[in-house]
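Undergrad: Predicted structure and sequence below. I'll ask about it afterward.
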Amino acid sequence: MIPRKDYMQQLGLFIDKPLVKILTGIRRSGKSSILMLLKEELLNRGIDPEKIIYINLESFSSRELLESTQLYEYVSKLTVQSKRSYLLLDEIQEVKDWERCINSFMVDMDVDIYITGSNSHLLSSELSTFLAGRYIEIAVHTLSFEEFIEFHSVDPGNDKKLRRELFLSYLRTGGFPVIHTADYDEDTCYKIVFDIYSSVILRDTIQRNNIRDVELLERVLYFVFDNIGNTFSGKNIADYFKSQQRKIDINTVYNYLKALESAFILYRARRYDIKGKEILKTQEKFYLSDVSLLYATIGYKDRLISGILENIVYLELRRRNYKVFVGKTDNREIDFVAEKQGKRVYVQVAYKIDSRETAEREFSELLNIRDQYPKFVVTMDDFWKESIEGVQHFHIADFLLSRVF
């Protein structure tokens, strides 16, 4: 297995700490592999293999453990009270009343607990009721551009041309780890991603939220896919369906969007008023957990390239643990205002800067912000200037691999 260093570094900080470690993310983003890497790390630290208990709760072999009582009894037989055990539970949401079970493990046994889940609602509401202040959540995303390069065993170094070629491949195939474990062509990649998408829609969205009108759910999702990078509201979606002679209640729209967020198909970026320093409640943006989901469902569309690039930058900011907002100042928009531990960066994303007018438009939005935080314009071309009055320009391939933010 290829080590996913950032996640292992985060987990390493919490080994043997009295917190439940929760890995969350869309199916096939690599959570199970990270648990296996954790198992290797524990073995390297000299932990007795018999004290490491790994259970894949989606496996048929675990079918008798899907009730909390049964899981509790099974684990209790494997643990010895006088010596710490390490409990690795994959896809914990498959277990009925799993929250009570995890709480009982912490109360009754000397165990260090790591769990994964593919639904954010389960891991934010019910769990917090039982384990308030006693868990840490680590969001697992599909491969970053840097991880993509590592998966393909390539070192572009300072080779600018090779970096650009690798980014084009990343742009067209996305970051689900499974499609980068073999030499698949694009059509095969999209078929694999569509199967992942279908599984997430069925198991983590439709079944968990008891959604009956599947066709309408997917129409809402396709609307979001087709408006990637655009701000809109639930009313915009409802009005669009009305124009198509299809009625849908605004509350239903928001319930569907919430269900899609919970399954990690979508992420919501709220708008932030830079001058007023407040989060706004209308006209949000939604981004995909991986751009390949768009290609696998509605196909690659050149007109969406700016939104796709925004999506890639948005995910990179999230991977680096920034809270990411869409910036608003007067009647203008900054693509991203990202904050972390008192730091802030501003990022404007465009496809190309092919004229002075385009350069003025993209840079002026950031130049009008009068603070000392870093500001970046990110594009797919090598602009004729590296910076204008302190606002730095990056080709997106270089930006994703940089440590400037």
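TA: It's in.

Undergrad: so R164 sits right up against L400, yeah?
TA: No - look at R164 against L400 with C-beta atoms under 8 Å: they stay out of range, at 11.8 Å. Using the backbone N, CA and C atoms, a C-beta is placed for each residue, glycine as well.

Undergrad: Spatially nearest residue to N321 (excluding sequence neighbours)?
TA: Counting by C-beta to C-beta, 6 or more residues apart in numbering, N321 lies nearest to K340, which is 5.8 Å off, once chain neighbours are set aside.

Undergrad: Hmm, the one you found is touching V324, no?
TA: No - counting by C-beta under 8 Å, K340 sits too far from V324 to count as a contact (9.6 Å).

Undergrad: The two: who's more crowded?
TA: Neighbour count, other C-beta atoms under 10 Å: between K340 and V324, V324 has more, with 25 against 14.

Undergrad: and that one, helix, strand or coil?
TA: V324 carries the three-state label strand when classified by DSSP: H, G, I helix; E, B strand; the rest coil.

Undergrad: any idea how far it lies from Y272?
TA: Distance of V324 to Y272, computed by C-beta to C-beta, to the nearest Å: 9 Å.

Undergrad: Which pLDDT does the model give the residue located most distally from the centre of the chain?
TA: Here the chain reaches farthest from its C-alpha mean at S82, the gap being 39.0 Å by C-alpha atoms, centre = their mean. According to the predicted model, the pLDDT of S82 comes to 71.

Undergrad: ditto for G276
TA: 65.

Undergrad: just the one 3 residues further on next, same as before
TA: At I279 the predicted local confidence, pLDDT, stands at 79.

Undergrad: what is it paired to in the beta sheet?
TA: Note on I279: beta-bridge partners by DSSP bridges are Y272.

Undergrad: on contacts alone, who are the packing partners of the strand ranked longest in the chain?
TA: In the chain, with assignment by DSSP state E, the single longest strand is strand 332-340. Judged by 3 or more C-beta pairs under 8 Å, 6 or more residues apart in numbering; DSSP states H and E, the packing partners of strand 332-340 are helix 305-319, strand 323-329, strand 343-349, helix 356-367.

Undergrad: 10 Å instead, please
TA: If contacts are counted by 3 or more C-beta pairs under 10 Å, 6 or more residues apart in numbering; DSSP states H and E, strand 332-340 sits against strand 266-269, strand 271-273, strand 285-288, helix 305-319, strand 323-329, strand 343-349, helix 356-367, strand 375-379.

Undergrad: List the residues that contact the residue nearest to N321.
TA: Counting by C-beta atoms under 10 Å, 6 or more residues apart in numbering, K340 makes contact with 317, 320-324, 405.

Undergrad: Now do the shared contacts for K340 and V324.
TA: Contacts common to K340 and V324, judged by C-beta under 10 Å, 6+ apart, are L317.

Undergrad: which residues of the stretch 101-250 of the chain fall in helices?
TA: Under the criterion DSSP state H, counting those that start in this stretch, the stretch 101-250 of the chain contains helices at 127-130, 145-151, 160-173, 186-199, 207-209, 214-226, 234-243, 250-262.

Undergrad: Quick one, which of those gets closest to D6.
TA: For D6, the closest of those is helix 145-151, at 8.3 Å, according to C-beta to C-beta.

Undergrad: so how far is the closest one off the chain centroid?
TA: Mean-position distance between helix 145-151 and its chain equals 16 Å (C-alpha atoms, centre = their mean, to the nearest Å).

Undergrad: Relative to K51, how far out is the residue farthest from the centre of the chain?
TA: Taking C-beta to C-beta, one finds S82 at 11 Å from K51.

Undergrad: Likewise for A263?
TA: Here A263 is placed at a distance of 34 Å from K51 (C-beta to C-beta).

Undergrad: what does F148 give?
TA: 35 Å.

Undergrad: Settle it for me: which of the two has more neighbours?
TA: More crowded of F148 and K51, by other C-beta under 10 Å: F148, with 21 against 17.

Undergrad: which non-adjacent residue is nearest the more buried one?
TA: Per C-beta to C-beta, 6+ apart, closest to F148 is Y170, 4.9 Å.

Undergrad: Count the residues that sit near the one you found.
TA: The burial count assigned to Y170 is 25, neighbours taken as other C-beta under 10 Å.

Undergrad: Report the contact partners of it.
TA: 143-149, 152, 180, 291-292, 312, 396-397, 400.

Undergrad: Surely F264 touches T116?
TA: No - F264 is beyond contact range of T116, at 11.9 Å (criterion: C-beta atoms under 10 Å).
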